[in-house]
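Enquirer: Pasted the sequence and its predicted model underneath.
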Number of protein chains: 2
Amino acid sequence: MDTPFGKHILAEYFECECTYLDSETAIRDLMLEAASRCGATIVGSIFHHFSPQGVTGVVVIAESHLAIHTWPEFRYVSADLFTCGTRVDPWIGFQYLKERLQPRKWVSKEVIRGRVEERFILPAYSKKVVSG
Amino acid sequence: MDTPFGKHILAEYFECECTYLDSETAIRDLMLEAASRCGATIVGSIFHHFSPQGVTGVVVIAESHLAIHTWPEFRYVSADLFTCGTRVDPWIGFQYLKERLQPRKWVSKEVIRGRVEERFILPAYSKKVVSG
């Protein structure tokens, strides 16, 4: 893996208008494409469809991981994009997911991982609440 | 899956004194046990050993996921414990990992997931920096 110092985006997508939140195949394709667009090196993935509904999936990448959980009944999706090093940009993945999921509202937070110093922990917590 | 409203602990363990950060088998056992102790329902897992060193692993649970990344060369471990619903307690997993990894320093943050309202986003961000 790359250095342990990286970015972790915690994303919440609300009121998603896309129609495939309950499709394991579609969500897998979405996440693999997001990883690819970030510039990540995919080393494995695991996806699971829940009964009666919902999909969970994780893409393990050489630079850490991407994760997604969908709740079709709430039209809500949570996503994590954790990428170490400087070569991969998780925000590209965040934007791609936003374009595809078509949320009416979304929240993103960026947390710096791998540093204990206070100065990296406090200001690195950025928050955006946006209504589309 | 359970309701989308849950807790996500972002944990950083520094200066770990345990000797198995580079063992995929040991890290898998550690994370499966952490998931079990949290009370989670395990639905799958994926682990990967990197060359020359480092292990990444994710345990998919019915209540979301647990993830770990180890950097033996830095004696550093990042972990995510994201559990939805109220039945599973991710802090039990955090404590278990701390006991087993034996870090000299650690940082934990708890982020509430699945809520857009400001009042849930801001105060839910708690931070602890602890030196053992």
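Expert: Perfect, thanks for sending it. Numbers count the residues shown, from 1 in each chain, chains lettered A, B, ... in the order given.

Enquirer: From here on, just use CA atoms for contacts and neighbour counts.
Expert: Will do.

Enquirer: Find me the pLDDT at A:Val130, would you?
Expert: Note on A:Val130: pLDDT of 56.

Enquirer: Up against chain B, what does chain A have?
Expert: Within chain A, the positions lying close to chain B (C-alpha under 8 Å from any C-alpha of the partner chain) are A:1, A:4, A:12, A:14, A:43-46, A:48, A:50-51, A:53-54, A:56-58, A:60, A:62, A:64, A:69, A:71, A:76, A:78, A:106-107, A:113-116, A:129.

Enquirer: Mark which of the residues you listed are buried, thanks.
Expert: Buried by 16 or more other C-alpha atoms under 10 Å in any protein chain shown: A:1, A:4, A:12, A:14, A:43, A:45-46, A:48, A:50, A:54, A:56-58, A:60, A:62, A:64, A:69, A:71, A:76, A:78, A:106-107, A:113-116, out of the residues of chain A next to chain B.

Enquirer: Just the ones of those in strands?
Expert: Judged by DSSP state E, the subset of these located in strands is A:12, A:14, A:43, A:45-46, A:48, A:56-58, A:60, A:64, A:69, A:71, A:76, A:78, A:106-107, A:113.

Enquirer: pull the longest helix from chain A.
Expert: When chain A is parsed with DSSP state H, its longest helix is helix A:24-38.

Enquirer: got a list of contacts for that one?
Expert: A:20-21, A:41-42, A:47-49, A:55, A:57, A:59, A:61, A:66, A:68, A:88-94, A:96-97 (C-alpha atoms under 8 Å, 6 or more residues apart in numbering or on different chains).

Enquirer: at 6 Å instead, please
Expert: Helix A:24-38 is contacted by residues A:49, A:55, A:88-90, A:92-93 when judged by C-alpha atoms under 6 Å, 6 or more residues apart in numbering or on different chains.

Enquirer: Would you mark the buried spots in it?
Expert: Residues of helix A:24-38 classed as buried: A:24, A:27-28, A:30-38 (neighbour count, 16+ other C-alpha under 10 Å).

Enquirer: Show me how far that helix is from its chain's centre.
Expert: Computed by C-alpha atoms, centre = their mean, to the nearest Å, the chain-centroid distance of helix A:24-38 equals 10 Å.

Enquirer: What angle do strand A:55-61 and it make with each other?
Expert: Here the directions of helix A:24-38 and strand A:55-61 differ by 30 degrees (axes from the mean of the first three to the mean of the last three C-alpha atoms, to 10 degrees).
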